[in-house]
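Colleague: Could you look at this predicted model? Sequence included:
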Amino acid sequence: MKYLLFVLLIIALLLLIALIKTLLIGSKKTFYQYSTDQKRIDLYSEKLSKLIQYETISYRDKPDVEKFRGFHKVIEKLYPNVFKHLEKIEIDGNLMMKWKGTDPNLDPIILISHQDVVEAGGDWIYPPFSGTIADGKVWGRGAGDIKVGIMSFYQAVEELLKEGYTPKCDVYLGSSCTEEIGGDGAPKMANWFKERGIKLYLLSDEGGSIVSNPLVGVDGNFAAIGIFEKGYGDLKIIAKSSGGHSSTPAKNSPIARLAKFITEIETKNPFKVEFSAAVDAMLTNLAPYSTNFMLKFVMSNLWLFKPLLKIVMPAISPHAAAMLQTTICFTMQKGSDGYNVIPQEAYVTANLRYIPHQSTDEANNIVKEIAKKYDLEVETIVAGYPSKPIDLEGEQYNMIVDTINKVFPGVGIMPYVVCGGTDSRFFAEVCDNCVRFAPVNYTPEQLKGMHGLNENIDQGCLPMAIDWYKELIKAQEKR
Ligand SMILES: [Zn+2]
């Protein structure tokens, strides 16, 4: 009895501390407004439309360097001063522009955004390469992903040049032509720096953006800053047998073994669930903005509720699960070629996204061990590594946050995990501080449009995107 009372007292005390912490954290509201400068909005929309109108689909087996050289001419026409004053470096259709800074002792920065887009089949409201400007939006393939990036940082430099500005450090503008096919464009650009022994101070790429209402119970506009991206992997899991006629089947045929294997992986999550610094910071930063008291209570007290959240978060949302652990998804499969033939070999493929807290090799070995139980072989097709997280206490991250606060006063800051892939992962050897943040706004509908139908971007967010790149370049003066 005494013991029970003691435990209850401890629990009450912990909850009281948690309650006080929640009340001390206070309440915050975000503020975010589109630009009303119609002159700028029209100019930028027009330029983005021109970039969209030039089709830049990249194909895996059909590199077309000339097509991208044609695109460079479009960029040059739109940004003549950039091409007049900056050094052009072209590597097989991948384009870099070097803007010389005043202090040669400072490591350079690079702003990147890919030129290529994915295919645009299906039935669109406006033809995908029309670049139509209507309903307050610029429409077309690449509008959001991510010709808006090219438009914005070229425009930023164009305007700074007109103002007579010279940057303090060297500033590179980079754009690969193979991002959508995971090609060798970004590695070639990264290699260019490596060969010259150039270490980059900061890299800014797509990956995050301004998002609205990121969690149920957290309303408002937040700058989602991608601080690392997960590693990419593909495994092929193979089941072999001596085949035979399907009229006299033995137990444990190849497809049955694959099915048992898949069921085990799907039902018993084999990977380690962990809170990274990014997820920690994300939830802590969001806490004051929560309109739901219970949610706020939990987010303000991760010290107490983390063990509970580790169980709850993966169960409530696939996106939350993906931020806490390595994921595996079965994507392709093949059996025999006949309805009545037991396959001599059947396989499934699995796509994995590796989290830093469990190594790629360890994750693959877990899969292999489970496969062994069902007499399956595992072939590694690709085994990539997650990128190194940016230091949340470091000066580069703070510089990004300061620039966001300056251009978007009132938006919340939300570090987060990029579950997809970007070009920046290839720069790991030449840059320790790769930030994934496109300074534009996407609604959930617009996010679906990327790689989908009716891709578009709001015109009202364009001037701030240009301002953000200008401020980021100017922020180098403080180094
Ligand atoms: Zn992209």
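Modeller: That came in fine, so what should we check first? Keep in mind that what you see is a predicted model, and the values were worked out from it rather than measured.
Colleague: for N285, what are its contacts?
Modeller: G412, I413, M414, P415 (CB atoms under 8 Å, 6 or more residues apart in numbering). No exception for glycine: its C-beta is placed from N, CA and C like everyone else's.
Colleague: Go again with 10 Å.
Modeller: The contact partners of N285, by CB atoms under 10 Å, 6 or more residues apart in numbering, come to K28, F222, M299, G412, I413, M414, P415, Y416.
Colleague: Can you name the next helix or strand after the helix or strand harbouring it?
Modeller: Here N285, judged by DSSP states H and E, is contained in helix 277-286. Next helix or strand after helix 277-286 toward the C-terminus (DSSP H and E): helix 293-299.
Colleague: Are there helices or strands packed against that next one, and which ones?
Modeller: Applying 3 or more CB pairs under 10 Å, 6 or more residues apart in numbering; DSSP states H and E, we find helix 293-299 packed against helix 2-25, helix 277-286, helix 302-316.
Colleague: now what about it, what contacts it?
Modeller: With CB under 10 Å, 6+ apart, helix 293-299 has contacts from 15, 18-19, 21-23, 25, 27, 215-218, 282-290, 292, 304-306, 308-309, 312.
Colleague: and with 8 Å instead?
Modeller: For helix 293-299, using CB under 8 Å, 6+ apart, the contacting residues are 18-19, 22, 25, 215, 217-218, 283-284, 286-288, 290, 305, 308-309.
Colleague: I'd like to know how far the residue lying closest to F83 once chain neighbours are set aside sits from the ion.
Modeller: Leaving aside its chain neighbours, F83 sits nearest to E76 (4.6 Å; criterion: CB to CB, 6 or more residues apart in numbering). Look at E76 and the ion: by CB to the ion, to the nearest Å, they are 22 Å apart.
Colleague: Likewise for S387?
Modeller: For S387, the distance to the ion - CB to the ion - is 16 Å.
Colleague: Next up, the contacts around that residue.
Modeller: F228, E229, G231, S424, R425, A428, C434.
Colleague: for the residues you listed, which one is nearest L43?
Modeller: S424 (28.7 Å; CB to CB).
Colleague: Just confirm the residue nearest to F83 contacts E90, I think it does.
Modeller: No: contact criterion CB atoms under 8 Å: E76 and E90 do not qualify, at 11.4 Å.
Colleague: follow-up on the earlier one: can you put the helices and strands packed on helix 293-299 in TSV and add mean pLDDT and distance to the ion?
Modeller: TSV is the format used below for the helices and strands packed on helix 293-299 (pLDDT from 0 to 100; distance: least, CB to the ion, whole Å):
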stretch	mean pLDDT	distance to the ion
helix 2-25	88	35
helix 277-286	91	20
helix 302-316	87	26
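Colleague: deepest of the ones you listed, which one?
Modeller: Burial of those is given as mean neighbour count (mean count of other CB atoms under 10 Å); helix 277-286 ranks first at a mean of 20.
Colleague: list the contacts for I109?
Modeller: I109 neighbours (CB under 8 Å, 6+ apart): C169, D170, V171, Y172, L200, Y201, L202, L203, S204, L472, I473, Q476.
Colleague: Among the residues you listed, which ones are in strands?
Modeller: V171, Y172, L202, L203, S204 (DSSP state E).
Colleague: From the ion, how far off is the third one?
Modeller: Same thing as L202. In terms of CB to the ion, L202 sits 19 Å off from the ion.
Colleague: in the protein, which residue is closest to the centre?
Modeller: G207 (3.1 Å; CA atoms, centre = their mean).
Colleague: what sits against D219?
Modeller: By CB under 8 Å, 6+ apart, the neighbours of D219 are T30, N213, Y289, T291.
Colleague: Next, give phi and psi for E345.
Modeller: phi -150, psi 130 (degrees, to the nearest 10).
Colleague: so what's the nearest residue to it once chain neighbours are set aside up against?
Modeller: Leaving aside its sequence neighbours, E345 sits nearest to K240 (CB to CB, 6+ apart; 5.3 Å). The contact partners of K240, by CB under 8 Å, 6+ apart, come to P254, Q344, E345, E377.
Colleague: what's the farthest-apart pair in those residues?
Modeller: Checking these with CB to CB, the most distant pair is Q344 and E377, at 13.2 Å.
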